[in-house]
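A.B. asks: next come a sequence and a model predicted from it.
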Amino acid sequence: MNKVLIVDASESDRRLMAGLLVKSGYEPIAVEAMEAAKEEVAKLPPGAVIVVAMKFVRGTAQELINWQKTEGYGFPVVAIMDNLNPLDIADVMKDGGAVNIIQRPAMDKQLVETVGRYARPGRTMLLLPDELIPRQSEAFAVIERAIRNIAATDVNAVIFGECGSGKEQIAKEIYRLSSRSQKPCTVIEAGGAALVGNHDPANLRSEVLNRMEGYFKKADGGTIIIKNVQLLNFEKQSVLLHILENEHPNVRVICTADPELRRMVSEKTFRPNLFYTLRPVDITVPPLREVTEDIVPLSDYFLTRFAHSREQHRKKLDASAVKALKLHPWPGNVRELKDTVLYAAFHSKTDVISAADLNFSQSEPDADNGYELQDPAVEKAKIIAALKQANGNKTMAAKLLKIDRSTLYVKMRQYELT
């Protein structure tokens, strides 16, 4: 099992990152200060990765990188940045420094995938495949029909969905089924370093414009997929809109976005004219907790791939495991299900996985992506959804809502739910 050293002054972020990595089969070690970081680096085995904040207690990422070089260690370092300042990026990545960066607000989306690029060897995780994973729900059958309909046209599209719901796989399926499939497909992370740049007074053009135009020229006749488009700042939004409206590139743009993008448009933090240019059509991927009939086929798919990768017999879920999986709210959606099931497959001593083998992380982002009651305006809808997932079992529904059974009865009477 690969070890990952986390160096960060924020206790909550250390806990969040550790939880994400544990579910993906890694063994995280979290520290907050330079002295402890140096001690742990000295004990790291081959194949380990270091994830470090730009600044932490009594140290910086650059200082830890320089110390590594002096001492002869060569562990890959991934830097966590609060803001994508191009000068900071250049400094921390120059001369064999950090191998990659992660934007702190996007840690839950980028951490596991980024670490997976550099952990060697013996990695137990499996990245989500590019192809669509077989599912049984009617909701996903509707999505598959929408994919075929959109692929038959040449319009831009936005794929909405929570973190880990498989939006990128849907975007790539549209590309594969389209008439543009024989031309290039370029994938850009909106919150990553690929679109960071400086203004160059010498040519009156920003580096962001130069880079973005370069991507469009490279993908001429093909497709650009922009992941997490809601992370584009206002400057990048303006540059992208300028290219689409004034240069009319022969490129289809497919974006993936968190549901919050719609709120950002209404609040004018995301340009409405760009939004409607990117979204002539859209697809909304339901969260996994709303399509629990997909949990078993998805789990079987991951267990089969895991068994093939290790040349073993496929392990199976027993009834207790299936029940536990269907009751979990899955804030991380399909990606979290994959990590949970594969972690159980790796550690289970038998060919049958039970509920006792499942490890549900308690370190989740503070996001409104579960059933926990927070906003009175949406309480009724959440109660109905929890009762539906629990098949009317009020004890299970109360557990999903993180309230006791008596409180649930009070709420049901309040909203006239029978």
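C.D. replies: Done, it's in.
A.B. asks: if you count neighbours, what's buried in the strand or helix carrying Glu144?
C.D. replies: Glu144 belongs to helix 138-151 when elements are defined using DSSP states H and E. Neighbour-count burial for helix 138-151, counted by 16 or more other Cβ atoms under 10 Å, picks out 140, 143, 146-147, 150-151. For glycine as for every other residue, the C-beta is placed from the backbone atoms N, C-alpha and C.
A.B. asks: which helix or strand lies directly C-terminal to it?
C.D. replies: Note on helix 138-151: by DSSP H and E, the next helix or strand toward the C-terminus is strand 157-160.
A.B. asks: helices and strands around that following strand, which ones?
C.D. replies: Contacts defined by 3 or more Cβ pairs under 8 Å, 6 or more residues apart in numbering; DSSP states H and E place strand 157-160 against helix 167-177, strand 252-257, helix 260-266, strand 281-284.
A.B. asks: returning to what we had before: from the buried residues of helix 138-151, which single one is nearest Leu244?
C.D. replies: Ranked by distance to Leu244 (Cβ to Cβ), the buried residues of helix 138-151 are led by Ile150 at 17.8 Å.
A.B. asks: quick check: that closest one touching Asn156?
C.D. replies: No - counting by Cβ atoms under 8 Å, Ile150 stays clear of Asn156, with 9.5 Å between them.
A.B. asks: any shared contact partners between the two?
C.D. replies: Overlap of the contact sets of Ile150 and Asn156 (by Cβ atoms under 8 Å, 6 or more residues apart in numbering) consists of Val281.
A.B. asks: I'd like the buried residues of helix 138-151 as a markdown table, with distance to Lys183 and pLDDT appended.
C.D. replies: Below are the buried residues of helix 138-151 laid out as a markdown table (distance: Cβ to Cβ, whole Å; pLDDT from 0 to 100):
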| residue | distance to Lys183 | pLDDT |
| --- | --- | --- |
| Phe140 | 28 | 95 |
| Ile143 | 24 | 97 |
| Ala146 | 22 | 97 |
| Ile147 | 19 | 97 |
| Ile150 | 17 | 97 |
| Ala151 | 14 | 97 |
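A.B. asks: quick check, nearest of those to Ser348?
C.D. replies: Phe140 (27.9 Å).
A.B. asks: one step back: okay if I get the buried residues of helix 138-151 as a markdown table plus distance to Met412?
C.D. replies: What follows is these, written out as a markdown table (distance: Cβ to Cβ, whole Å):
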| residue | distance to Met412 |
| --- | --- |
| Phe140 | 30 |
| Ile143 | 32 |
| Ala146 | 35 |
| Ile147 | 39 |
| Ile150 | 40 |
| Ala151 | 44 |
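A.B. asks: what's the nearest residue to the residue nearest the centre of the chain if we skip its chain neighbours?
C.D. replies: Nearest to the centroid of the C-alpha atoms of the chain, with distances taken as Cα atoms, centre = their mean, sits Lys109, at 2.8 Å. Nearest non-adjacent residue to Lys109, counting by Cβ to Cβ, 6 or more residues apart in numbering: Cys163, 5.6 Å away.
A.B. asks: and for Pro76?
C.D. replies: Using Cβ to Cβ, 6+ apart and skipping residues adjacent in sequence, the residue nearest Pro76 is Tyr118, 4.0 Å away.
A.B. asks: just say helix, strand or coil for the one you found.
C.D. replies: For Tyr118, the assignment made with DSSP: H, G, I helix; E, B strand; the rest coil gives coil.
A.B. asks: next, it: phi, psi?
C.D. replies: When read as degrees, to the nearest 10, the backbone of Tyr118 gives phi -120, psi -10.
A.B. asks: what distance do you get for it to Asp82?
C.D. replies: Note on Tyr118: its distance to Asp82, by Cβ to Cβ, to the nearest Å, is 22 Å.
A.B. asks: more neighbours: those two, which one.
C.D. replies: More crowded of Tyr118 and Asp82, by other Cβ atoms under 10 Å: Tyr118, with 19 against 12.
A.B. asks: about what we covered before: how about the host helix or strand of the residue nearest to the centre of the chain: buried residues?
C.D. replies: Element membership for Lys109 (DSSP H and E) is helix 107-116. Within helix 107-116, the residues that qualify as buried are 107-112, 114-116, counting by 16+ other Cβ under 10 Å.
A.B. asks: show me the contacts for the residue nearest to His347 when sequence neighbours are not counted.
C.D. replies: Spatial nearest neighbour of His347, excluding adjacent residues (Cβ to Cβ, 6+ apart): Asp357 at 6.5 Å. By Cβ under 8 Å, 6+ apart, the residues touching Asp357 are 321, 344, 347-348.
A.B. asks: pLDDT score for the closest residue to Ile159 other than its chain neighbours?
C.D. replies: In space, not counting the residues next to it along the chain, Ile159 is nearest to Lys167; the distance is 4.3 Å by Cβ to Cβ, 6+ apart. pLDDT recorded at Lys167 is 95.
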